[in-house]
Each structure stands twice: as C-alpha cells, then as structure tokens.
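K.L.:
give me a 3D structure for the following:
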Amino acid sequence: MPLKTKHFVIFITIIGFISCNQGINSPRSITGKRINITDSIASVDSIDQFITPYREHIEEVLDAQLAYNPTNLSKNDGKLNSSIGNLMADITYEQSNPIFNKRTGNNIDFVLLNHGGIRAAMSKGKVSRRTAYEIMPFKNETYVLELSAEKVKELISFLAEKQTAHPISKQLQIILNRDSSVKSSTINGKPIEDNRTYFVATSDFLATGGDHMNFFKNPIQTIDINYLLRNELIDYFEKVDTIKASTDNRFIKK
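P.N.:
So this is what the prediction gives:
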C-alpha cells in the first residue's frame with residue numbers, strides 16, 4: 001500500500017472512532033420516586049415459594065432453645081454494674097481467654113465493654129441464637145489490647161467519673177468513696193503495678209476510642225482474636241444449661 005494511501009486510511013479510521021464515541025447516548029438526567037413497601041404491593045407466588053424454605057430454616061435455627069434464663073436481666077437493674085452487663089463481660093472473658101492464651105501464652109487480665117452496646121434486655125425463659133442477635137446486633141470483633149499501667153489507671157478514672165454501668169468482668173474490682181473518688185481498684189485481687197502491662201479485652205469499636213474511651217488509643221499492641229462478641233454469646237449459651245447472672249460488688253460505691 002502506498003504511504004499516502006496508508007496515512008489516509010489511518011486518518012479515516014481515527015475520525016471514525018472519534019465520531020462513534022461522540023455518538024454514544026448519555027442520560028441528561030435521572031429521576032426516581034420512593035415506593036413504600038406495604039401490604040398493598042401484591043406478592044409474587046414464585047418468589048415466595050422459592051424463599052419460604054430458606055426463611056423457615058433460618059427462623060428454626062434462630063429460635064431453637066440453647067439454654068434457660070431463670071430471671072429477667074437488664075442493663076438498668078444496677079447503678080454501677082448490671083446483671084446483663086456482668087454476664088456479657090464474664091462470657092467475653094471465658095470465651096476469649098483460652099484462645100488468647102493459646103496464641104500468645106498470656107492471659108487476659110479483664111474485660112471492658114460499653115453500656116450502650118447492650119441493645120436488648122434478656123427475658124426470663126428460653127435463650128436462643130435470636131437472643132444473642134437482639135442483645136448484640138452488631139458484628140463487633142473481640143480485640144485484646146496491651147495497655148500500660150498508666151493507661152489502666154486512666155480507664156479506672158474514666159469509669160469513676162462517668163459512673164455508668166459499663167460491663168466489666170469480675171477480674172476487675174473498683175470501689176468508690178461517697179464523693180466518687182476511687183477508694184481502691186484491683187485486678188485479680190491485686191493493686192495495679194506500675195512496672196507491668198495489662199491485657200484488656202474489648203470490642204473493636206471501643207479499641208479505637210469509641211464511646212469516648214480514649215485510653216484505648218495507641219496501645220502497646222492490639223491482638224484481634226477473630227471472634228465476634230455475638231458468637232461468643234451463642235457459643236456460651238450452647239454449652240450451659242441455665243444462665244446465672246446478677247449485680248454484685250465488682251463496681252460499687254461505699
């Protein structure tokens with residue numbers, strides 16, 4: 001092919017390509033409207049028939065009884081600690097510590113969760129997977145943070161100042177004076193030691209300073225044990241027959 005002819009063919013090809021691109025239609029505007037899903041919208045039988053077996057199976061799994069709860073548990077049945085909060089913190093410790101110990105050779109010193117993270121009371125009677133989803137609907141992971149003694153003291157000062165029933169496990173005990181100052185604080189029955197660090201289990205949300213718990217920021221190290229808090233509840237419910245929980249003296253004012 002002569003050179004001039006070759007150049008002409010290339011030129012025509014490029015012009016054609018550009019023309020095609022310019023000819024592509026694009027929307028000038030997009031509009032929409034809100035359609036409320038109500039009983040007025042007729043169901044589609046074929047879709048219902050397809051979904052129903054799966055829905056019934058999920059409902060059966062969620063509602064199958066795992067344990068029995070002999071009394072109503074609420075996050076508001078105590079001033080500085082609550083029955084359901086104590087239960088959640090103690091379950092988190094019991095379920096998390098064996099995993100943490102196996103992976104690191106260390107033990108968790110105590111657990112701290114948050115009062116606002118408890119989304120439902122626990123009624124007397126049947127305990128199921130649905131119970132766990134109602135109490136803890138979020139997909140929060142359990143993190144273990146290594147904190148300095150100074151950070152742990154900040155944690156205790158925060159709890160003393162807020163005087164909210166944030167769930168703490170029984171390994172931590174805080175006693176306040178009548179003026180709300182800290183009378184004593186112990187971990188596993190011992191005063192806080194300045195020359196050591198402590199391993200505190202909490203949620204991934206709190207681990208980044210959520211709910212104003214800034215003492216969790218910049219820990220010495222963070223260990224994700226790959227265990228959802230909700231799944232810890234479910235696994236605990238599956239292995240016990242009867243739930244035992246109450247308010248106690250882990251955080252009190254004298």
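
K.L.:
please save the CA atoms from whatever helix or strand K126 lives in in PDB.
P.N.:
Applying DSSP states H and E as the criterion places K126 in strand 125-128. This file holds the C-alpha atoms of strand 125-128, laid out as PDB (Å, rounded to 0.1, in the frame of the first residue of the first chain):
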ATOM      1  CA  GLY A 125     -37.300 -18.200  79.700                       C
ATOM      2  CA  LYS A 126     -35.900 -19.700  76.500                       C
ATOM      3  CA  VAL A 127     -32.400 -18.500  75.400                       C
ATOM      4  CA  SER A 128     -31.700 -18.900  71.700                       C
END
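
K.L.:
residues in contact with that strand: which ones?
P.N.:
L62, D63, A64, Q65, L66, A67, Y68, N69, F237, I243 (Cβ atoms under 8 Å, 6 or more residues apart in numbering). All C-beta spots, glycine's among them, are computed from the backbone N, C-alpha and C.

K.L.:
buried among these? Make that a PyMOL selection.
P.N.:
Selecting only the buried entries of the contacts of strand 125-128 in PyMOL, with 16 or more other Cβ atoms under 10 Å as the criterion:
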select buried, resi 66+67+69+237+243
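
K.L.:
where does the prediction get shaky in the stretch 1-150 of the chain?
P.N.:
Applying pLDDT under 70 to the stretch 1-150 of the chain picks out residues 1-26.

K.L.:
can you tell me which helix in the chain is longest?
P.N.:
The helix spanning the most residues in the chain, taking DSSP state H as the definition, is helix 83-104.

K.L.:
chain center to that helix: distance?
P.N.:
Centre-to-centre, helix 83-104 and its host chain are 14 Å apart (Cα atoms, centre = their mean, to the nearest Å).

K.L.:
likewise for stretch 95-114?
P.N.:
Relative to the centre of its chain, stretch 95-114 is centred 16 Å away, using Cα atoms, centre = their mean.

K.L.:
can you check the distance spanned by it, start to finish?
P.N.:
18 Å (Cα to Cα, to the nearest Å).

K.L.:
ok, K153 - how many residues close by?
P.N.:
Per other Cβ atoms under 10 Å, the neighbour tally for K153 reads 16.

K.L.:
would you agree it is in contact with E193?
P.N.:
No - in this structure, K153 is not within contact of E193 by Cβ atoms under 8 Å, at 11.1 Å.

K.L.:
quick one: which of the contacts of strand 125-128 is nearest to I108?
P.N.:
F237 (20.5 Å; Cβ to Cβ).

K.L.:
check which helix or strand that closest one maps to.
P.N.:
Going by DSSP H and E, F237 is in helix 229-239.

K.L.:
who does that helix touch, helix- and strand-wise?
P.N.:
Using 3 or more Cβ pairs under 8 Å, 6 or more residues apart in numbering; DSSP states H and E, the elements in contact with helix 229-239 are strand 65-69, helix 83-104, helix 129-135, strand 141-148.

K.L.:
which residues does the third one contact?
P.N.:
Residues lying outside helix 129-135 but in contact with it, judged by Cβ under 8 Å, 6+ apart, are 61-64, 66, 84, 88, 118-120, 122, 230-231, 233-234, 237.

K.L.:
residue closest to the middle of the protein?
P.N.:
Centroid-nearest residue in the chain: N140, 2.2 Å away (criterion: Cα atoms, centre = their mean).

K.L.:
once you drop chain neighbours, what's closest to it?
P.N.:
Sequence neighbours aside, S203 is the residue nearest to N140 in space, at 4.2 Å (criterion: Cβ to Cβ, 6 or more residues apart in numbering).

K.L.:
could you pull out the strands for this structure?
P.N.:
Ranges of strands in the chain, per DSSP state E, are 65-69, 110-111, 125-128, 141-148, 172-176, 182-187, 190-191, 197-203, 221-228, 251-253.

K.L.:
and the last one, what does it pack onto?
P.N.:
When you say that, I think you mean strand 251-253. Helices and strands touching strand 251-253, by 3+ Cβ pairs under 8 Å, 6+ apart, are strand 172-176.
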